[in-house]
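S.K.: This is a predicted model, with the sequence first.
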Amino acid sequence: MDKKTECEIVQDLLFGYSDDVLNAESKKLVEKHLLECKECQEKFNEIQKDIENHENNQKKQIDYLKKIRRRNAIKTILISVGIVFLIFFVFYLRKFLIVNDFMNKAKESAKSNNIYREVSKMVTDDSVAITKEWYKDGKYKLQTDIYSEKGVENFMTVYATVNSDERITIFENSKEVKIQKDEYVKMQNEEKKLKPVDSKNYNFINKLKIAFEYSIHTSTYHIGREYYVMNKIFDKNSNDEVWIDKNNGLALRKIGNEVAIKFFEGTDVIKEEIQLKSEYKHEFDTVTDEDVAVPDLTDYKIEYVSIDS
Ligand SMILES: [Zn+2]
């Protein structure tokens, strides 16, 4: 075989050699020739380089496709997270606007100088304390009666005036009167403490917090007008429920964690657990001067008290 013919044969075999598909004999022939022939060696290097380039290009293309796919995946995740966040934000914003609205109304209600409030609070499962509060132009009267199967019993009636240091408490049953006059009473007689409206903590931070902590929905159940029902979201053990009057932003009902437990007589076996609740009634501009006037105390036994010494 002359050199030229051998070169042609070897060069024809080079692709097969590169792909490692030659039989042992051809492989040996190529390897032997490559060691001796510079020309074929160069040809072989060229083929190797071509194959390498081709592989590189393919790898680059695959990398590029992978990169695009990864980028799309990230984009999809970000958009999903964004949508979820947006939905939460819209829900939260809706709640915040409701809280903002009723707190502003409550603040407005608290500005009134003529307020009547009635709070009916379950004390045990079979007795209810009803506290009636009258407030007119700085004068305040609070009357607490206990309602039970035995009937109505006046617990006490309190009279006070904004910023005065005196408080008169009448115990109707025993015909006794306690007149307390001291710095402590003066603190208790601040306007914001005497006014029978809960309008404390109606600041921006608290609005944000309450909108976050509570779920809010609207109901008209059994009172004939719309109110908000608020429940704590994150505290699953809590049965806290607050009803807020849409008109004046004030509480209508609070059901708390307090429970009255009733046992079977003479045992420690629980018969019933009763959720204690408080109901509120608010009226504006119905209080008269007589409602808040201190009555004639001549028939009462008066005791003067002071914690100042
Ligand atoms: Zn050759």
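M.R.: Here it is on my side, so go on.

S.K.: residues near the closest residue to Leu250 other than its chain neighbours, how many?
M.R.: In this structure, Leu250 finds its nearest non-sequential neighbour in His282, 5.1 Å apart by Cβ to Cβ, 6 or more residues apart in numbering. No exception for glycine: its C-beta is placed from N, CA and C like everyone else's. The burial count assigned to His282 is 22, neighbours taken as other Cβ atoms under 10 Å.

S.K.: what do you get for Asp126?
M.R.: Asp126 is surrounded by 13 other residues when neighbours are defined as other Cβ under 10 Å.

S.K.: on that earlier part again, ok, the residue nearest to Leu250 to Val158 distance?
M.R.: Separation of His282 from Val158 (Cβ to Cβ, to the nearest Å) stands at 19 Å.

S.K.: Ok, Arg69 next?
M.R.: With distances defined as Cβ to Cβ, the gap from Arg69 to Val158 amounts to 75 Å.

S.K.: do Lys66 as well
M.R.: Taken as Cβ to Cβ, the span from Lys66 to Val158 is 79 Å.

S.K.: So these two - more neighbours on which side?
M.R.: The neighbour count for Lys66 versus Val158, taken as other Cβ under 10 Å, is higher for Val158 (18 against 10).

S.K.: Doesn't that one lie inside a strand?
M.R.: Yes - inclusion of Val158 in a strand is indicated when DSSP: H, G, I helix; E, B strand; the rest coil is applied.

S.K.: and it, what are its bridge partners?
M.R.: Partner residues in beta bridges with Val158: Leu142, Thr169, with DSSP bridges as the criterion.

S.K.: packing partners for the lowest-mean-pLDDT helix or strand in the chain?
M.R.: Each helix and strand of the chain was given a mean pLDDT (mean pLDDT, DSSP states H and E); the minimum falls on strand 251-263 at a mean of 82. Packing partners of strand 251-263 (3 or more Cβ pairs under 8 Å, 6 or more residues apart in numbering; DSSP states H and E): strand 241-245, strand 270-284.

S.K.: The last one - what's its average pLDDT?
M.R.: Pointing back at strand 270-284 there. Strand 270-284 shows an average pLDDT of 88 in the prediction.

S.K.: contacting residues around the residue nearest the centre of the chain?
M.R.: To find the centre residue of the chain, average its C-alpha atoms and take the closest one (Cα atoms, centre = their mean): that gives Glu213, at 1.7 Å. With contacts defined as Cβ atoms under 8 Å, 6 or more residues apart in numbering, Glu213 is in contact with Lys232, Ile233, Phe234.

S.K.: What score does it have for pLDDT?
M.R.: We have a pLDDT of 91 for Glu213.

S.K.: do the one 3 residues further on as well
M.R.: With respect to pLDDT, Ile216 scores 94.

S.K.: Quick check: bridge partners of it?
M.R.: Beta-bridge partners recorded for Ile216 (DSSP bridges): Met230.

S.K.: wait, what's in contact with it?
M.R.: Contact analysis of Ile216 by Cβ under 8 Å, 6+ apart lists Lys95, Ile98, Val99, Tyr228, Val229, Met230.

S.K.: Relative to the ion, how far out is the last one?
M.R.: For Met230, the distance to the ion under the criterion Cβ to the ion, to the nearest Å works out to 92 Å.
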